[in-house]
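K.L.:
Give me coordinates for this.
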Amino acid sequence: MYQLGVDEAGRGPAIGPLVVCALGIPTTDIGFLTNIGAKDSKSLTRKKREYLAEKIYSEVEKRNWKVGLITCSACRIDKERDRTNLNNLEVELFKEAIINTNIEKYNGKIYLDACDVNEQRFGNRVKESLGQDWSQWTIESKHKMDLENILVGAASILAKVHRDNEIKKIGQLLNLDIGSGYPSDPKTRVAIRNLIKEEYPNKYLRWSWATIENIWAKENGKPIPKREEIEGNSKQSSISDW
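P.N.:
Numbers count the residues shown, from 1 in each chain. Below you'll find the model as predicted:
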């Protein structure tokens, strides 16, 4: 029997992707996570998170653990928010991460760190989205599940480390210190101003975020464009870049 924990990293930042990780392991291996000190990623230093992520990945092949990792770009976030809302997007991302573990043939239980004010509704929606292939699995959905369930805590570590690595890559590509990507980070706010100086905001920004919209409007004297408005613009080198 397997257990599966799912959590996300990067819901709030104004720069970079939102990452969702699903970690599935046999119930008999839960004790291993306890032994290595896995817990909610927010309670760990960066160094400790990276160490634990390495330990977890080293066991994936040996113990037949399964990882489903989804990296949702700023572009996808903006487009989905134009059509619907962030909660609906998170249901889809959690579903995708779970499906990517490819363990539907095993019976088990899925633990979710709920991304909706109504935690039960979030669990029900993820369950419904998974369809018949996952009908034998039960789902428990709670706020702050990463604090009480070690498997969800371990998934949060993998999600956070992956998000941190993506932010590092973005900074290197832009040759810019973008900080953590969170609007409260002074380095991030400086970076945002540097990334809205062209005809369109930089593709790594979340254009639909109030922080980006407000800074863009203040600096440019007009509303920020929608992603869809620029997709057909010949000045863009590649539609897939956005």
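
K.L.:
Can you tell me the SS state at Ala38?
P.N.:
coil (DSSP: H, G, I helix; E, B strand; the rest coil).

K.L.:
show me the contacts for Ile56.
P.N.:
23, 33, 36, 38, 65, 154, 157-158 (CB atoms under 8 Å, 6 or more residues apart in numbering). C-beta: built from backbone N, CA, C; applies to glycine.

K.L.:
again, only using 10 Å
P.N.:
23, 25, 32-33, 36, 38, 63, 65, 67, 154-155, 157-158, 161 (CB atoms under 10 Å, 6 or more residues apart in numbering).

K.L.:
continuing past whichever strand or helix holds Ile167, what's the next helix or strand?
P.N.:
In this structure, Ile167 sits in helix 150-174 according to DSSP states H and E. Remark: after helix 150-174, the chain's next helix or strand is helix 186-194, criterion DSSP H and E.

K.L.:
The helix or strand just after that next one - contacts with which helices or strands?
P.N.:
Downstream of helix 186-194, the first helix or strand assigned by DSSP H and E is helix 210-220. Packed against helix 210-220 by the contact rule (3 or more CB pairs under 10 Å, 6 or more residues apart in numbering; DSSP states H and E) you find helix 186-194.

K.L.:
Mind listing what's buried along the helix it packs on?
P.N.:
Buried residues in helix 186-194, counting neighbours by 16 or more other CB atoms under 10 Å, are found at 188, 191-192.

K.L.:
now the angle between helix 210-220 and it, please.
P.N.:
Here helix 186-194 runs at an angle of 50 degrees relative to helix 210-220 (axes from the mean of the first three to the mean of the last three CA atoms, to 10 degrees).

K.L.:
Provide the contact partners of helix 186-194 at residue level.
P.N.:
With CB under 10 Å, 6+ apart, helix 186-194 has contacts from 13-16, 167, 170-171, 174, 176-183, 185, 201-202, 204-205, 209, 211-212, 214-216, 218-219.
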